[in-house]
Each structure stands twice: as C-alpha cells, then as structure tokens.
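>>> Requesting a structural model of the entry that follows:
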Amino acid sequence: MTRRPRRHPLSTSAAVLAACGLAIILAGCSAPAASAPADDVDWDALSHDELVEMAEDEGEVTVYAFTSRIATIEESFEAEYPGIDVVASDISSSELITRLSTEHTAGSATADVAYVSDAPVVVTELLADGVLLPYLPSRVADALPDEHKEPLVANRLSTKVLMYNEEAHPDGPPVSNLWELTDPEWAGKVVLVDPNVRGDYLDLATEFSLRADEMADAYAEHFGEEIALEDGVADAGLQFMTNLYANDAVLVDDTDTVNAAVGATGQDAPPVGFTSYSDRRDNEDEGWALQVASGVAPSPGIVFPAYLGVTAGAENPAAARLLIDYMMGDDSETGGAGFEPFYVAGDYPTRTDIETPADALSLDELAAWQIDPEVSAERRSDVADFLLTIQ
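Predicted structure coming up:
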C-alpha cells in the first residue's frame, strides 16, 4: 500500500482651515508648498542628500519582509537615520504577496517597501498588475549583473537546499543522490515545508520538474536502470516527488520546524530536510548542527532572488527608496550595516563588489539550480495541482 506523507501542524479641522484661510487673506501669507507627487519626481536625478531630506520630511517607512532579519535592518537604519521610523512586518512571502495584492485592489496600500522572494509570483502578478514598482539605486548599478537589476532589484540570492545534521554525520552528507531519499532507509526521515503552503518550496518542486532530464539521469545512476514513469506522472521530477511522498515524507508548515527536526544536536539518526542554507547562522543559538548537503546529485536544490520593490501609491516614496538603497549595502567589502544581516554563509550577495563570506561555499561549489522566474511561473500551477493528487 502506498504510504502518504504525514502532516504536522505546527470638526476641529474645519476651524483650523478657516483660520488659516483668514490669516492668508488678512496677512497676505502664503500656504506652504505641497511636496511634488511621487510620479513627478525624477528619483534617479536626486542626490543622496536630497533623497535623505525628502525621506526625513516623510518621517516613516513601512516594510513587509519575508525574513525575521528585517528587525536588524529596522534597528540599524533608525540609527543611521534617526528622523525616520521603520515599521517592519515579518511575514512569509505567500502571505506578503496576498496582503500586497489585497491592499492594492482596495486602494489602501499600507506598506511602502516589499522585501519578497517567491520570484515567479512577484514577476507574473505583483509586477504585471502594477502592485510593485522597481527602484534601482544608481550608485550600485555598475556592480550588479543585469539579471539582478530587473524586473526588480535583488540584494541577494537565497536558497532551498537539502540539509543534514553534521554532528551525526561528521564525514559529510549521508546521501550522495536525491533518489536515495526515496529508499526504505529514509522512510519518514525527509522533512520539508508543504509546497502548497510556501511558495519557495513550490519553486523547488517545480524546478525538479523543469530539470526532469537531470533527475532521470540521477535515477539511472542510483538504481542502475532507466526511469519508468507511473501513469499520470509527466516527468522524472514529478516522479521523484511522488516517490518521496510515498516514502512518508514529513510535511510541516514552517522552516523552523524543519531546522529543529534536522539540526537538533544529540540525535543518533536524525532526518534530513530541505531548508535554507543560511539558517546555519542560528546553529549556536538554537543548538543545531545544520550543514548543507553539497555534492548531492543532481543538485541539492535551488537558489532564487530576494527582491526589493516600492509599492504603487506608497505613502512614503522617498523613505521607501532610501530603505532600498540602504539594504543594498554600503561601499565596503561586506556591505556594512545595511547588508550585515545577510552577510552569512548561504546568502549570496548580488553585488559583485561585495565579497562572499569566507566560510561559505561558492555558488559553483554549492551547485544548486538558479531558477528562472518566468519559466517557473509557466509550470508552477500544474505542479501545485499535481502535488495535491499525491498527498
């Protein structure tokens, strides 16, 4: 009998106006000039000091971010610009995208900046529907490859890759081929967030499908024979997901659960799981022993952009652009305070003049697949529908 994955839920104003009007008539004073509408501002022509002055006049910036590390940015940005209050919300990319779309439709944008992954949805929905607008700080343009300048600027690449417990496996990853995870030895011992709950995991599953030829080659390498697809399974990548689910993969709702299950120290036979390489930064604080399974065939997972965009109709458009500029890092080799939370092994700076952290695998060494958001978007909904049929 095929086993299914286990799911673990884890009218004073009028008087003031009248008085002001009377004062203008009697004293010949003039009302203060209104700020230029955001659409009329040539943001690229502003000097940094001019942008700061406009942002300080606004006095606040609201950001929705897909990472808890936005709290560190909030603190350091306010230290750099004490006249500007940062209001930060840490929410998943899926919820972030839904909230942005809903607010845009209602004409009541709350956020000024979005820091978001889930690139296929960002490109095909948020940008296509005019929910987000691009802003590329001119001072960093020459240090960014073209693919990270548009459709929105990306300050780093993030990951969803296979991770293991290095305390239990000090000699390296316990598997060398993804298909090993479908063997009886790993039944009930592969943990991941449900791809139909989080977009970056759906991007991972979609990439397995898009890389079907590589997945088929890896199957043959592991099993010594060509892959035979089951009825209703379109490609080797989806067959991998079918076999993985049938091998009692453990689906959870958040990456913290994956990290704790895989990384907790003191385990004799811990599971493996798909999560973010950069979560190794929390090993010491959390008592984990997370490590990336580099060298696994055909790939340990995916890398994808973390986008920064200004919301259409942002209440604080200057402060929004100043925050984006800040999060792109300063001119030092590590990007300074604005990039410090992301200057960790497993996050990859998009700027070529910021060095990769010394203790990190290079992108070439990691050998994760870099997603193409538009290509992924074309396949994504079909993969999501398919996954529902095998749960």
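>>> Which helix or strand in this structure has the lowest average pLDDT?
Scoring the helices and strands of the chain by mean pLDDT, DSSP states H and E places helix 12-27 at the bottom, with a mean of 37.
>>> any idea which helix or strand comes after it?
helix 48-58 (DSSP states H and E).
>>> Does anything pack onto the biggest strand by length in the chain? Which helices or strands?
For the chain, the strand with the greatest residue count under DSSP state E is strand 153-165. Helices and strands touching strand 153-165, by 3 or more CB pairs under 8 Å, 6 or more residues apart in numbering; DSSP states H and E, are helix 199-210, helix 255-263, strand 272-275, strand 290-292, strand 301-311, strand 348-349, helix 363-366. In short, each C-beta sits where N, CA and C put it, glycine included.
>>> most neighbours per residue, which of the ones you listed?
strand 272-275 (a mean of 28; mean count of other CB atoms under 10 Å).
>>> Just give me how far that one sits from the chain centre.
Remark: strand 272-275 is offset 17 Å from the chain centroid, using CA atoms, centre = their mean, to the nearest Å.
>>> can you list contacts of the helix or strand following it?
Counting by DSSP H and E, the next helix or strand C-terminal to strand 272-275 is helix 283-286. Residues outside helix 283-286 that contact it (CB atoms under 8 Å, 6 or more residues apart in numbering): 259-260, 263, 289-290.
>>> Save those as a markdown table, and put in distance to R69 and pLDDT too.
Shown next, in a markdown table, are the contacts of helix 283-286 (distance: CB to CB, whole Å; pLDDT from 0 to 100):
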| residue | distance to R69 | pLDDT |
| --- | --- | --- |
| N259 | 15 | 98 |
| A260 | 19 | 98 |
| G263 | 18 | 98 |
| A289 | 21 | 98 |
| L290 | 17 | 98 |
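>>> Which single one of these is nearest to F386?
Closest approach between the contacts of helix 283-286 and F386, by CB to CB: N259, at 27.0 Å.
>>> Is it correct that the closest one is in contact with D282?
Yes - using CB atoms under 8 Å, N259 makes contact with D282 at a distance of 7.3 Å.
>>> longest helix anywhere in the chain?
When the chain is parsed with DSSP state H, its longest helix is helix 373-390.
>>> Buried residues, that one. List them.
By neighbour count on 16 or more other CB atoms under 10 Å, the buried set for helix 373-390 is 373, 376-377, 379-380, 383, 386-387, 390.
>>> out of everything not next to it in sequence, what's closest to T350?
Excluding the flanking residues, the one nearest T350 by CB to CB, 6 or more residues apart in numbering is H148, at 4.0 Å.
>>> same check, this time on A218
Leaving aside its sequence neighbours, A218 sits nearest to P298 (CB to CB, 6+ apart; 4.4 Å).
>>> check which helix or strand covers D129.
Counting by DSSP H and E, D129 is part of no helix or strand.
>>> From D112, how far off is it?
18 Å (CB to CB, to the nearest Å).
>>> neighbour count winner among these two?
In this view D129 and D112 are compared by other CB atoms under 10 Å, and D112 has more residues nearby, 26 against 13.
>>> Would you agree the more buried one is in contact with P317?
Yes - under the criterion of CB under 8 Å, D112 makes contact with P317 at 7.1 Å.
>>> Which neighbouring elements make contact with the longest helix of the chain?
Using 3+ CB pairs under 8 Å, 6+ apart, the elements in contact with helix 373-390 are helix 119-121, helix 199-210, helix 236-246.
>>> which outside residues touch that helix?
By CB under 8 Å, 6+ apart, the residues outside helix 373-390 that reach it are 4, 119-124, 195-196, 202-203, 205-207, 209-210, 232, 234, 238, 241-242, 245-246, 304-305.
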